[in-house]
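*Asks:* following is a predicted model, sequence given first.
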Amino acid sequence: MILVLGGTTEARQLAGYLQEEGFPVVLTTVSSYGEKLAKEQGVKEVLVGALTGAQLADLIRRLQVRAVIDATHPFAENIRAIAQSTARQLGIAYGRLERAAGGLPEHPLLFQVSGYLAAACQAAALGDTIFLTIGSRRLPLFTTHPALAGKRIIARVLPAAEVLGQCRRLGLPPRQIVAMQGPFDTEGNAWMFRHFGAEVVVTKDSGPTGGLQAKWEACLALNIPLVVIRRPPAGHANVFTQFEEIKYFLKEVNQYGEGDHLAGARQPGPG
């Protein structure tokens with residue numbers, strides 16, 4: 001069995017691709033909505049729920065997983081660390097599907113920073129109305145940051161009840177919450193930024209798939225600075241960007257077993 005981690009678009013597409021290539025696959029996603037999307041795309045086996053290290057280890061043993069393919073979001077650092085550690089402890093192969101980075105140009109309106117706290121400080125220096133497109137998990141770092149005291153924060157988040165409840169608990173009134181699921185095109189982003197009077201936009205380097213280019217184009221058109229949080233390093237040798245690379249990687253797993261060289265050291269290819 002091949003275990004694909006992640007409710008991302010790429011994870012669903014990869015699971016479907018591997019199925020078509022004849023691999024037995026199970027996909028994990030944290031939400032029932034992610035399960036629904038996966039099933040609609042033809043993924044046969046989907047498990048729902050966040051995983052701890054112990055739960056992941058139990059799942060690997062129960063399903064007799066031979067390889068873990070991590071296709072989670074580039075900023076899902078916790079599950080990535082858990083997956084790498086668990087695969088190493090159990091001696092099974094681990095591979096990471098990494099989506100393409102944004103590849104944004106050098107520009108006076110573009111500020112690339114190394115983390116969320118740096119983004120909060122940078123945004124505070126650039127404007128008083130800050131439009132956040134970073135999701136909901138890291139919102140507390142912005143709503144409680146001293147540098148942003150007195151600033152007007154607009155948070156674009158998923159329209160899920162638990163997310164909206166979190167926004168309200170953090171003190172954000174309804175007029176400062178944009179509950180919509182992206183990604184959005186340039187025109188859609190520009191309308192929102194203009195409508196809410198954004199003076200600076202904060203986002204993550206989620207790549208073209210996550211709508212980074214469209215956000216940048218909207219900011220450029222409106223002459224608004226964009227603060228981009230660089231993605232954390234993958235932290236592993238077996239990082240792939242193409243589905244075919246993963247197919248050949250898994251063929252090596254089937255051929256050679258779960259040895260240490262596949263748990264974190266080789267980059268196989270079609271040769």
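*Replies:* Looks like it came in fine.
*Asks:* and Phe131, what does it touch?
*Replies:* By C-beta atoms under 8 Å, 6 or more residues apart in numbering, the residues touching Phe131 are 154, 156, 192-193, 196, 198, 200-202. The way it works is simple: take the backbone N, C-alpha and C, and place the C-beta from them, glycine included.
*Asks:* could you redo the last one with a cut-off of 10 Å?
*Replies:* 123, 152-156, 176, 178, 189, 192-193, 196-203, 215, 219, 224, 226 (C-beta atoms under 10 Å, 6 or more residues apart in numbering).
*Asks:* element containing Gly165, please.
*Replies:* helix 161-169 (DSSP states H and E).
*Asks:* what helices or strands is that helix leaning on?
*Replies:* With contacts taken as 3 or more C-beta pairs under 10 Å, 6 or more residues apart in numbering; DSSP states H and E, helix 161-169 sits against helix 139-143, strand 152-157, strand 177-179.
*Asks:* and that helix, which residues are buried?
*Replies:* For helix 161-169, burial by neighbour count (16 or more other C-beta atoms under 10 Å) applies to 163-164, 166-167.
*Asks:* dump those residues into TSV; add distance to Glu77 as well.
*Replies:* Output for the buried residues of helix 161-169, formatted as TSV (distance: C-beta to C-beta, whole Å):
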residue	distance to Glu77
Val163	20
Leu164	25
Gln166	19
Cys167	22
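*Asks:* contacting residues for the residue most central in space within the chain?
*Replies:* Centrality entry for the chain: nearest residue to the mean C-alpha point is His73, 2.0 Å, by C-alpha atoms, centre = their mean. Going by C-beta under 10 Å, 6+ apart, His73 touches 6-8, 10-11, 79-80, 99, 135, 204, 206, 209-210, 231.
*Asks:* now it: how far from Leu109?
*Replies:* 25 Å (C-beta to C-beta, to the nearest Å).
*Asks:* same question, Ser136
*Replies:* Taken as C-beta to C-beta, the span from Ser136 to Leu109 is 26 Å.
*Asks:* Ala93 too?
*Replies:* Taking C-beta to C-beta, one finds Ala93 at 43 Å from Leu109.
*Asks:* mind checking which of those two has more residues around it?
*Replies:* Ala93 (27 against 16; other C-beta atoms under 10 Å).
*Asks:* across the sheet, point out what pairs with the more buried one.
*Replies:* Ala67 (DSSP bridges).
*Asks:* so how far is Asp205 from it?
*Replies:* In terms of C-beta to C-beta, Ala93 sits 27 Å off from Asp205.
*Asks:* now swap in Ala119 and tell me
*Replies:* Taking C-beta to C-beta, one finds Ala119 at 11 Å from Asp205.
*Asks:* which neighbours do those two share?
*Replies:* Joint contacts of Ala119 and Asp205 (C-beta under 10 Å, 6+ apart) are 112, 228-230.
*Asks:* the residues you listed in strands, which ones?
*Replies:* When those are checked against strands (DSSP state E), the matches are 112, 228-229.
*Asks:* could you dump those to JSON lines with neighbour count, pLDDT and distance to Phe240?
*Replies:* What follows is those, written out as JSON lines (neighbours: other C-beta atoms under 10 Å; pLDDT from 0 to 100; distance: C-beta to C-beta, whole Å):
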{"residue": "Gln112", "neighbour count": "16", "pLDDT": "89", "distance to Phe240": "24"}
{"residue": "Val228", "neighbour count": "22", "pLDDT": "94", "distance to Phe240": "24"}
{"residue": "Ile229", "neighbour count": "23", "pLDDT": "91", "distance to Phe240": "23"}
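*Asks:* can you pull out the helices in this protein?
*Replies:* Assigned helices in the chain, in chain order: 9-20, 32-40, 53-63, 77-90, 116-126, 139-143, 161-169, 186-195, 212-222, 243-256 (criterion: DSSP state H).
*Asks:* contacting residues around Gly211?
*Replies:* Counting by C-beta under 10 Å, 6+ apart, Gly211 touches 102, 133, 182-186, 188-189, 203, 218.
*Asks:* again with Asp128
*Replies:* Asp128 neighbours (C-beta under 10 Å, 6+ apart): 148, 150-152, 197, 199-200.
*Asks:* average pLDDT across stretch 243-253?
*Replies:* Per-residue pLDDT values over stretch 243-253 give a mean of 86.
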